[in-house]
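> quick one: sequence plus predicted model below, questions after.
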Amino acid sequence: MAEEHRCETPEGYRLCVNNCGFFGSSATMNLCSNCYGDLCIKQQQQASMKSTVESSLSPVIAPVLENYAAELEIPTTKTEEKKKIQNPTEQPPPPPQRPNRCTVCRKRVGLTGFMCRCGTTFCGSHRYPEVHGCTFDFKSAGREEIAKANPLVIAAKLQKI
């Protein structure tokens, strides 16, 4: 019946070649969209690296480096990249502890403490800069912020005829 109507049956679903669990398509070399995007990024990085290497090295050394780069092991999925980056014997450093007391009255603040721009923690009554004698220079910080947000625009001078 398909021959009479000249219809083709769908080729079906194929899993990604990298075995990431998603479906791939023939348009993306049987890769899912995530793996195909990663592949494109890696190809661009290799092309840019190759162009910088070729421009900076002598013609004798460049082919040797290309052969070496081809032999390097490149991880194919994000999970393999994470495994290579993380070493199970090394533990990440713990996050820094926030002080849990007001620096003026030593009252316990817990999660409701206010961090001032001078870098210290205060309770609700000492949170204002006027109350705790803040050493942070708000005026110069504001001037710097305005200067960064509004760059100086100078027009080019016209040439006199």
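Received it, and whenever you're ready, just let me know what you need. Numbering: from 1, shown residues only.

> longest helix of this protein?
As assigned by DSSP state H, the longest helix anywhere in the chain is helix 33-56.

> which elements pack onto that helix?
Applying 3 or more C-beta pairs under 8 Å, 6 or more residues apart in numbering; DSSP states H and E, we find helix 33-56 packed against helix 61-71. Where C-beta positions appear, they are placed from N, C-alpha and C, glycine not excepted.

> mean confidence for the helix it packs on?
In this model, helix 61-71 has an average pLDDT of 55.

> and the residue nearest to Val131 when sequence neighbours are not counted, how many neighbours?
Spatial nearest neighbour of Val131, chain neighbours left out: Ser125 (7.1 Å); criterion: C-beta to C-beta, 6 or more residues apart in numbering. When neighbours are counted by other C-beta atoms under 10 Å, Ser125 registers 12.

> in this protein, which spans are helices?
Using DSSP H, the helices assigned to the chain run over residues 2-5, 33-56, 61-71, 78-85, 129-132, 138-149.

> my guess is Asn100 meets Gly110, correct?
Yes. Contact criterion C-beta atoms under 8 Å: Asn100 and Gly110 qualify, at 5.9 Å.

> the two: which has the busier surroundings?
Neighbours were counted for Asn100 and for Gly110 using other C-beta under 10 Å; Asn100 has more, 12 against 8.

> for the more buried one, give its distance to Ser26.
Separation of Asn100 from Ser26 (C-beta to C-beta, to the nearest Å): 59 Å.

> what does Gln43 give?
To Ser26, Gln43 is 19 Å away according to C-beta to C-beta.

> show me what contacts Val109?
Contact partners of Val109, counting by C-beta atoms under 8 Å, 6 or more residues apart in numbering, are Asn100, Arg101, Cys102, Thr121, Phe122, Cys123.

> actually Leu39, sorry about that
Contacts of Leu39 (C-beta under 8 Å, 6+ apart): Met29, Leu31.

> check what pLDDT it gets.
Each residue has a pLDDT score; the one for Leu39 is 88.

> what do you get for the one 3 residues further on?
Here, the pLDDT recorded for Lys42 equals 89.

> so what's Val104 closest to, chain neighbours aside?
His126 (4.5 Å).

> excluding its backbone neighbours, what's nearest Cys134?
Distance criterion C-beta to C-beta, 6+ apart; nearest residue to Cys134, sequence neighbours excluded, is Cys118 at 5.1 Å.
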